[in-house]
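# Sequence and predicted structure below; questions after.
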Amino acid sequence: MKIPVFVSCPTTLNKAQNVSRRIIMNEIDRLSLEPRSLGRSDYPTELPFREVLLLAKHCAGGIILGFEQIHASKGTWKRGTSEERKSTKPISFPTPWNHIEAAILISLGLPVLVFREETISGGVFDAGVTDVFIHKMPTGSMAHNARTGLHEVILKWQAAVRTHYYGNKALI
């Protein structure tokens, strides 16, 4: 039996993002973990917030995949305030669901693993916001030592997932 883990990931991805997602999904599959997420493995019958909470309660861990969903070539931060500043480069944003789902997973006390694309920041993707280390999103062209490092990160996380799962008889 595979252990369920919640995966926060947009349902629509570009080709490179799909490669990154597949790398992570292959790693968790090798470790006998079952990815669960709204819009992929589970489909809501009630309000999406409630469904995320119900699904997360039946999982023993979570992964947040911060992929670019919005790209802006320019923008203004804190417009109309004394701290207003113009962006000097394009800005990328993940789906807001990443932040919502991360907050739910963390509030449930689940082991959480966070990955982000290079251009993603803010909220759960900012270093020091949570006690979770933020990892670079894997790519299809990553070097062998980077793949080994990715495997080690996921292996360490899955140990915490298994500890949570087998220590919480309500999930079994």
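Structure received. Numbers count the residues shown, from 1 in each chain.
# got the contact list for residue 161?
3, 5, 33, 60, 61, 110, 111 (CB atoms under 8 Å, 6 or more residues apart in numbering). Using the backbone N, CA and C atoms, a C-beta is placed for each residue, glycine as well.
# Could you rerun that using 6 Å?
60, 61, 111 (CB atoms under 6 Å, 6 or more residues apart in numbering).
# Quick check: residue 160 vs residue 123, distance?
22 Å (CB to CB, to the nearest Å).
# Next: residue 155.
27 Å.
# Low-confidence stretches in the protein?
39-45, 129-131, 168-172 (pLDDT under 70).
# for it, what spans make up the strands?
Residue ranges of the strands in the chain, as given by DSSP state E, are 3-8, 33-36, 62-66, 70-72, 76-77, 85-86, 91-93, 112-116, 134-136.
# Identify, out of these, the most deeply packed stretch.
strand 62-66 (a mean of 27; mean count of other CB atoms under 10 Å).
# can you give me the angle it makes with strand 3-8?
Angle, strand 62-66 to strand 3-8, by axes from the mean of the first three to the mean of the last three CA atoms, to 10 degrees: 30 degrees.
# Any chance of TSV for the strands of the chain, columns distance to residue 106?
Below are those laid out as TSV (distance: least, CB to CB, whole Å):
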stretch	distance to residue 106
strand 3-8	11
strand 33-36	17
strand 62-66	8
strand 70-72	23
strand 76-77	25
strand 85-86	29
strand 91-93	20
strand 112-116	6
strand 134-136	13
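# closest one to residue 165 among these?
strand 3-8 (5.0 Å; CB to CB).
# which residues touch that closest one?
33-37, 56, 59-64, 98, 101, 165.
# quick one, longest helix in this protein?
Secondary structure of the chain read by DSSP state H shows that its longest helix is helix 144-167.
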